[in-house]
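Chemist: Dropping a prediction and its sequence here:
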Amino acid sequence: MKNIFGRNFDWHLFSIWIILAVFGIIAITTASAAKIGDEIHLKNYYWKQIIWLMISIIAFIIVLKIPLPILDMLIYPLYLATIILLIIVLFMPPVNNSRSWLFLGGVRFQPSELAKMMMILLVSKLIAKDYLNELKMLYKALSVVIIPVFLILLEPDFGTTIIFWGSLAFMLIQAGFPASYLVIIVSPLIGLIFSFNWILFVIASLILIYYYYRESLSWVLIAFSTVFNTFIFILTPVFWNTLKAYQQNRIITFFNPMHDPLGAGYQVIQAKIAIGSGQVFGKGFLQGSQKNMNFLPEHHTDFIFSVIGEEFGFIGTFLLIVVFFVFFNRIIYLIKVVSKKEYKIAISGIFAYLLLQTFINIGMNLGVLPTTGVPLPFISYGGSNLLINSFAVAIILKYSEYRDI
Amino acid sequence: MNQKSKTVLLYRIILGAIFVVLAYALFSLQIVKGSQYKEIAERNYVRIKSLEAARGVIYDEKLNPIAVNNPSINLYYKPFLIKDKEKMADFVSAYLPISKETILKSIYDNRYSTFNEVILCENIDYAVMAAISENLNYYPELFFKVETIRSYIINNHFTGYVGRINEKEYNTYKDDGYKINSLIGKSGIERYYERILRGNAGYEIIQVDAYGRNLKIFKDNLSKKPENGLHIVLNINLDLQKYVNSLFPEKTAGAIVVINPKTGGVLAYSSFPEYDQNLFTAPISNEQWSCLIDDPQKPMLDRVINGSYPPGSTFKTVTGSFGLEKEYVNPQTLLASCIGGLQIGNRFFKCWTSYGHGRLSFIDAIKVSCDVYFYDLSKNFKLNEFAEFVRKNHLIERTGIDLPYEKKGFFPNNEWYTKRLGKNFGSQGLKANLAIGQGEVLTTPIQLCAYYAAIANDGIWKKPHLLKKAIGDRTLLYEELEENINKTLPISEKNLKLIQEGLWQAVNGKNSTGGGARVNGVKVYGKTGSAENAHGDDTHAWFACYATWDEPELAIVVFLENAGHGGSMAAPIAGKIISYYNKNVREQ
C-alpha cells in the first residue's frame, strides 16, 4: 500500500470522495425505483453505477501509480485524441437534440467530459512558465481552449462551454494573470446583460471604472474598454431585433425556464415541488412520489438532486452541500500547500470545473439557474461522468503529494 | 497580503458565497414553503390535462358518412394507486373479457411509469360499467373515461382503420403530441391523411389548491383549446360503391375500381373478399386475427393497389400503341395470318381460339383480341425500348394514389433476363408473351384503370385519388395537397384515335370480345383480358373500359381472380356498373 499511497497522500479528500460516491449510489437506487402497492421495482442503474465506481477506483490507482514523467508525456497525445473524439461525436445520432454522446458497445460516453480534463492539464502545463507575459499567457491558453469549445458549441452544449471558460479564468488568475485584465475581457457582457436598462448599465460602468482606477490600469485601456462596452450596449438591441421570434424565445427560455412553463419550465416547477415537498425530514428512502411522474425524464441523472430533496428533506440536502463544501474547502487547502506552480494551476482548474458543475446543477434543480444538462458530480448516474470526475480527484491527489510543508 | 494568499482568499469567498446561496435557497424551499409544496405534491394540484381533439369524419362525395366517431366507455387505471394488484385483476377480469394474466402483465409493463393512465378495456357496455362503478370505492386506481371509438359504416379497403399507437409508432411520433394511449391511423385514408384527420390536442392547466385558490405557479392562463381534425370528403359515391360491392360473384376474390377520367377521382373502390375494419378499432382477439390471416383468400389484402397480376389482353393497347408509335405497323398493315397460333423459333404460340382469325388489320386485331397479330408485331420490338414505353404509360411505377403502401407494377428488361437466364437468352418468345400481357409483366388494377382513364381523357393521365376535399375550420382541395397530378401518355393524337377506335370495336363490333359491356345510350370502349397464371386452373378475368356521354365520365377495371374469361365474367359486371351509373348517379 505504501507504494500507492505516498507520505503526503491526502486521506481527507479521498474519504470525502468515497462518501460522495456512496451518497450517489443511494440516490440513484431510490431515483430508479417505482412502487406499486407494496412491491418495489428497481431499475438496474444502481449496480451499473457500483460497477463504474469499481472501475473508477482502478483508474484512480493507475493514475496514482503512473510515474509523473510518463503522465506528463501522455498529455499532448490524449489532448489530440479528445479533439478527434469531439469531431467523431458530431456524426453520432442526437440525444435530446444534442450530439454529445458517443456510443461504444453498450456504453455511452461524452467526449466533452474528457476534453475538460485534458484542457486543464495542457493549459496548466503551458502557462506555468515564469517568463511569460500576460499577452503570451492568454494567447497560449486560448489556443488550447478554442478548438474544443468550438466543437462543443457545434454539438451544441452550452453548459459545458460555460464550465470551460470558468475553469480557464480560475487557472489564469492562479498563474498570476491580473484579475483586472480578466474583468476587462469579460466586461462586454455587462453591455449585453444590461442592454435593456441604461441606468443599470451606467452604474455598472462607473463601478468598473472605479475598480480599474484602484487597480491602477492605464487611462487609455479604461477608456477603450468603456467605449467598447457602450458599443455592445447599443448594438445588442439592434442584433436582438434581427432574430426570429422563435430564436428570441429560445434564448429567453434558456435564462428563464418559466417563460416556457409547459416545456423547460414544467420540469423546473416539478423539481421545485419535489424538493419543497420533502420539507425538513423528507418522505423517506424509496418513498418519494414526484420522481415517478414523467415530468422528470432525467430524475436519475440531471435532476437527481430533486429526488434527494424529496426523500431526505432539508437534512439530506443540507448534509450533501456541507459534504461538498468540505470537499471543495479541502481542495483550496491543497492548492495552498502544493509546491509546484503548474500543479497549483491544474488543481485550481479542476476545482473550478467541479465547483461550477455542482453549482450549476443544484441551481438548476432549485430553479435559480438555466437548465443546461450538467450532471451533479459524483452523484448523478453516468459511468463516464463518474470516471472522469474521479480521474480529476486522482490528479489532485497525485499532484498534492508535492508540498511545501 | 501577497499574491498567493490573495487567490486562496478569493476562492474561499467564492465557495462561501455559493454555499450560502444554496443553503438559503434550500431553507426557503424546504422549510419556509415546505408545507405548501407538500400539499401541491400530494394532491397533484399542478398538472397539465390533455384535451383530445375530435377526429375528422370521412364522408362520401354526397356527405354520407363512411367513418364516424361513436362514444365509447373505456376503463383505465393508474399503477401508483394500486393497493393489491391480484385483487384488482380478479375484480376486473370477472366483469370484462380480459384475462387476469393480461392485466398483471399490463401492470408489470407499466411499473416504471406509475403515474401514467393506462387503458384496460374499451367500448364497455353501459350495464357493465354500472356494475363496476358500484365497487369503484374499493379500487381507487380504476376509473372510466368516455371517449370515442371509430366506427366504419361499410366494409371497405380504402378508409383503413385506426388503432392504439404501438411502441414503434410512439417513438417515431411522440414529438407530434402523441401519448402512449393515442389513436393513430394504421392504414388506408386514416393513415395517409392522419395529420389532417387528427387535429391538434389542447391542454388545460390545473393549478388550484383544495380551497379552489389559484396557486399562481403559471402566471397566465395558458390553456389551449383543442383544434378538431378536418373532415374528409372522398370522391367515392357510396351508392355506387355499395352497388359495385353487390356485383362480386360469390366466393370470388378480385377488385373493381371506378375512376372519373377527367379528374382522376375514384368513384368506387372494391376489393374482395372484404373484412370488417371495426374489428381493429378495439383490441382484436387472437382467434379473430388468425381467422383473417389464415384465410386462403386473404381478405386483408387490398387487391386494388397491393395486388399485381399479369394484365392479359387488356395490355394489348400498350403493345399496339408501341407498334404504331414506332411505325412497325400502320392501320392498313396486315400481319401474319392467324391459324390458331404462330410458330416462333421452335415453339408454337397459340392464339386464344384454335379456329384462327385469318389476316387482320390493327383495329380488327384489337376487336377480336387476336394473339397472333401481337406475337408477330412484337418480333421487331427492342425489349428495353418496350419496357421504357410501358414505364411512360405509368404501368410500372406507383400511381401515387392517396393511400399508403401502394405496390409497383413490373416489366422485365434485358438486364433482368440476363440475371435470370444468362447472357444468351432467346428474346423472341419472351417478347411474344409480354406482348399479350402474359409472362413476367405485372400491373395493379389501379395502374390499369389510371391508364385506361388516360386513353379516355385523350392522353392526359391524372393521378388517381380518393380525397375530394377536406372541410372544417378551413377547406383544402386535393389539388392544394398533392403535386404533379397531370401527366401525358407517350402517344400521338392520331394513334390514340386508332386505339380508341379499336376499344370501341372491341365492345360494339361484330364478333367482339367485350360485347357484355354494351349499354344502351352510352358509348362504351373496352378491352377484355383472360390472364393465365400459376395460381389456378382458371384464368384471371379482366375487363378494362371507359364510358363517355358528352365527355368521358367513367373508367372501370374489373378484375376477378381465377374466374375464367374476361368477356364472359368481367365485361357484364362493367356493363351493369355503367348502366347503374347512367340511371342512378348521373340523373340525380
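Modeler: Arrived safely, thanks for sending.
Chemist: Next, the buried residues of stretch B:88-100.
Modeler: Across stretch B:88-100, burial judged by 16 or more other CB atoms under 10 Å in any protein chain shown covers B:M88, B:A89, B:F91, B:V92, B:S93, B:Y95, B:L96, B:I98, B:K100. Glycine gets a C-beta too; all of them are placed from N, C-alpha and C.
Chemist: And the next helix or strand past the host helix or strand of the fourth one?
Modeler: This points to B:V92. B:V92 belongs to helix B:85-95 when assigned by DSSP states H and E. Following helix B:85-95 in sequence order, the next helix or strand is helix B:100-109 (DSSP H and E).
Chemist: ok, now which ones touch the closest residue to B:L334 other than its chain neighbours?
Modeler: Leaving aside its sequence neighbours, B:L334 sits nearest to B:R359 (CB to CB, 6 or more residues apart in numbering or on different chains; 4.6 Å). By CB atoms under 8 Å, 6 or more residues apart in numbering or on different chains, the contact set of B:R359 is B:L334, B:L335, B:A336, B:S337, B:C338.
Chemist: Specify which member of those is nearest to chain A.
Modeler: B:L335 (61.9 Å; CB to the nearest CB).
Chemist: Mind pulling the model confidence for the closest one?
Modeler: You'll see B:L335 listed with a pLDDT of 80.
Chemist: quick one on the thing from earlier: are any of the contacts of B:R359 buried, and if so which?
Modeler: B:L335, B:C338.
Chemist: how about JSON lines for the buried residues of stretch B:88-100, with distance to chain A and pLDDT added?
Modeler: Listed next are the buried residues of stretch B:88-100 as JSON lines, based on distance: CB to the nearest CB, whole Å; pLDDT from 0 to 100:
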{"residue": "B:M88", "distance to chain A": "9", "pLDDT": "88"}
{"residue": "B:A89", "distance to chain A": "12", "pLDDT": "89"}
{"residue": "B:F91", "distance to chain A": "14", "pLDDT": "90"}
{"residue": "B:V92", "distance to chain A": "15", "pLDDT": "89"}
{"residue": "B:S93", "distance to chain A": "17", "pLDDT": "88"}
{"residue": "B:Y95", "distance to chain A": "21", "pLDDT": "88"}
{"residue": "B:L96", "distance to chain A": "20", "pLDDT": "86"}
{"residue": "B:I98", "distance to chain A": "18", "pLDDT": "86"}
{"residue": "B:K100", "distance to chain A": "16", "pLDDT": "88"}
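Chemist: Just name the closest of the residues you listed to B:L489, please.
Modeler: B:I98 (55.9 Å; CB to CB).
Chemist: same for the helix or strand encompassing A:S112, what does it pack against?
Modeler: For A:S112, the host element (DSSP H and E) is helix A:111-127. Packing partners of helix A:111-127 (3 or more CB pairs under 8 Å, 6 or more residues apart in numbering or on different chains; DSSP states H and E): helix A:68-88, helix A:134-154, helix A:158-174, helix A:341-365, helix A:383-399.
Chemist: Which of those helices sits closest to B:A454?
Modeler: Nearest of the helices and strands packed on helix A:111-127 (CB to CB): helix A:134-154, 51.3 Å.
Chemist: Against A:L217, how distant is A:T230?
Modeler: Noted for A:T230: a distance of 17 Å to A:L217, by CB to CB, to the nearest Å.
Chemist: still on that earlier bit, got the contact list for the helix holding B:V92?
Modeler: A:36-37, A:39, B:75, B:77, B:82, B:98-100, B:103-104, B:107, B:120-121, B:128, B:131-132, B:135, B:138-139, B:141-142.
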